[in-house]
Structures are given as structure tokens and as C-alpha cells.
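Student: take this sequence and fold it.
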Amino acid sequence: MVDIPVGKMQEGLFVKYIHIGGVVATYWVVSILTVFVNKELLSSQTVNLDAPLFVTWYQCVISSAVCFSLSMLTRWFPTIFSFPEGTPFSREVVLKVIAVSILFTGMIAFNNLCLKYVDVGFYYIGRSLTTVFNVALSYAILGQKTSVPSMICCAVIVGGFWLGVDQENVAGSLSILGTCFGVLGSLSLSLYSIYTKRVLPYVNQQIWLLSYYNNVYSCFLFLPIILLNQEIPVILRYDKIWNVTFWTLMTIGGFCGLAIGFVTALQIQVTSPLTHNISGTAKACAQTVLASYIYSETKPWLWWTSNWIVLGGSTAYARVKQLEMEKKHKRNQQGV
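Tutor: Predicted coordinates for the structure are as follows:
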């Protein structure tokens, strides 16, 4: 047995921590950038296009095009590029994946609609019920029971959500429509997460392949919704439709949407799903502070208290789940 010098071990750990820190920092930057870019696209005077579903559809087109290009490059240069093999136009694939793709379409549509009608600062509160829906739907669909401490944490999150909504109303900036879209976005995300677990084995646990399928199908699923929302006349009347700056910003938004999927999967890979949840919660808090600074928003202390309540409830929930998993792991090791 060869002893590894302590210095070498410490050096190895240092490099590992730097790598993890770099991945987490990249996730924060990409995620926050994506939110601000989407806000600019969806409700700024610079763009001023009242067609949020069209904007979301174009982002799916960009993501699909990038995935298709990577798939082709992998076929042509397999030693340089690596992308999971699969075709989205197989009848068998469509039948297996379409239900998840419908939820994916709803999720990103509701998220962007929420962001259109609410401020970036309130976006975190508006989308804060994902954990609560995860618990409720896991029980309703999968039959998974939840511990009392976890339910208490969910109650705290709901309390923070209601306080945040109340404070937005007091400030006169509450958008009922935007808040409803936020709740529907949280519900869609929870359903999507649950059904994704069922579909992933079919695509050999390849998250990128499922993302490719979802974006391709969403390109088609969005078209009738755009028609029903009467966005086509709005797009045709848009005075910047041939503006290079507009399409550049739209394309950046598309790449951001694809990048957030990649860095999310990467953060989970180098850390854990639980650490990812904690990182995402802390990122959302930093995002709220940054939005308040950028947009020069002054909020009362009760408004900030609602954010801290949701943050505390979410962090406590993550900690409770961590302890429960550790306890379950020990029982399994002991054969209990």
C-alpha cells in the first residue's frame, strides 16, 4: 500500500473545491443573467413586444437548433464532440416523451409570463411554492409520505409567500395575473420533476437528450398557443421586427435558456441535488437583492421579512431532507 503525501492530498482537495466553487459561481452568473435577460425581453421599453409566448417559442427554437447541431457534429466528429444519440421524430419516442414535453412547455411558458408581469425582486416569492407542490404531488401521485418537520417547513414557506403577496399589495405593485402565473409555474415545475423521473430511464438517464426532445416538441406545442393568444398580429405590427439588436437579444435569451439547463445539470453532477437546491435558494435571494439595487427599488422591512421567511423555510426543508436521507442510509447499511 502506497502512502499518499498529505501535501498531495491537500492539493487534490484544493483543486476539487476550486472546481466545485467555479461550477457553483457559473450557475449563479448564468441563472441570474437569464432572469434579467428574459425580463428585458418580456417587459422592457427597449424591446416593447407584447408577445411573451413568441419570445419563449424562439428560445426553444434556439435550444433545439444548438442540440441538433451538437448531434450532427457528434456523428461527424465523434472523437471531438459528444452528444447522446437519438431522434425526436420517432413515433415511439414521441409517445413516451410528449406528456413530459407538455409539462415542460407549460413550465417555461408560465415562468416567462410570471416574469413579464412581476418585478424581478418579487419573482422569487412568486415562484416559491415549488417545494410545497413537490411534497403535495409526491404524495398524491407517488404515494410518498412526508415527515412532520418537512410539512412544518412547507407551512413556513406558504406563510412567507402570503406575506410577500400582501406586502406587494400594500406597495401597490401586486400583479394578480403575474402571481397566478408564478403559482402555475411552480405547479408545472413540480409535475415536470415528478414525471421526468419516470421518463429518464427511457432515454438512458440522458438529461441532455430529454432536453433536446422537450425543446423540439415545444417548438410545435407553442404554435397553437401563440395563435390562441393572438400574438401573430402583434408580431406583424412590431416596428423592430427587422432590428438586428432585437434579434441579437432574442438569440442571447435562447442561449441563456440552453445554458441554464447545462449548468444546472453540471452543478447537480459535481455536488448533489440537495446542494443544488440550497445553492438555488441562496442564488434567488442574491438575485432579489441585486434586482432591488439595479432598479432602485425601496422595499419595507416586512417585504424583506417575507423573503427571509421563504429562504429560511426552504433551507430548513433542505436540511430536514438531508438528515432524513442520512438516517435512511444508515438503516439500509445496518440492514434494518
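Student: where does pLDDT dip in the chain?
Tutor: Residue ranges of the chain with pLDDT under 70: 1-13, 265, 268-269, 272-278, 329, 333-336.
Student: what's in contact with the strand or helix carrying Ala282?
Tutor: Here Ala282, judged by DSSP states H and E, is contained in helix 273-294. Outside helix 273-294, the residues that touch it by CB atoms under 8 Å, 6 or more residues apart in numbering are 24, 27-28, 31-32, 35-36, 119-121, 123-124, 264, 267-268, 271, 297-299, 307, 311, 314-315, 318, 321-322, 325. From N, CA and C alone the C-beta is placed, and that goes for glycine too.
Student: only the buried subset of the residues you listed, as a ChimeraX command please.
Tutor: In ChimeraX syntax, the buried subset of the contacts of helix 273-294 is picked out as below (16 or more other CB atoms under 10 Å):
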select :24,27,28,31,32,35,36,119,120,121,123,124,264,267,268,271,297,299,307,311,314,315,318,321
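Student: let me see the contact set for Gly86.
Tutor: With CB under 8 Å, 6+ apart, Gly86 has these contacts: 71, 93, 203, 206, 209, 212-213.
Student: next, it: phi, psi?
Tutor: When read as degrees, to the nearest 10, the backbone of Gly86 gives phi 170, psi 150.
Student: which helix is the longest one in the protein?
Tutor: helix 6-43 (DSSP state H).
Student: so which strand or helix has Ile98?
Tutor: Going by DSSP H and E, Ile98 is part of helix 91-117.
Student: I meant to write Thr179 there.
Tutor: Judged by DSSP H and E, Thr179 forms part of helix 176-199.
Student: any idea which helix or strand comes after that helix?
Tutor: Past helix 176-199, further along toward the C-terminus, the next helix or strand under DSSP H and E is helix 207-228.
Student: could you tell me the angle between that following helix and helix 176-199?
Tutor: 140 degrees (axes from the mean of the first three to the mean of the last three CA atoms, to 10 degrees).
Student: ok so, going back, quick one: residues in contact with the helix holding Thr179.
Tutor: 96-97, 99-100, 103-104, 106-107, 110-111, 113-114, 116-118, 122-123, 125-130, 132-134, 136-138, 141-142, 165, 168, 210.
Student: now with 7 Å?
Tutor: 96-97, 99-100, 103-104, 106-107, 110-111, 113-114, 117-118, 126-127, 129-130, 133-134, 137-138, 141-142, 165, 210 (CB atoms under 7 Å, 6 or more residues apart in numbering).
Student: list only buried entries from the residues you listed.
Tutor: Counted by 16+ other CB under 10 Å, those give 97, 100, 103-104, 106-107, 110-111, 113-114, 117-118, 126-127, 129-130, 133-134, 137-138, 165, 210 as buried.
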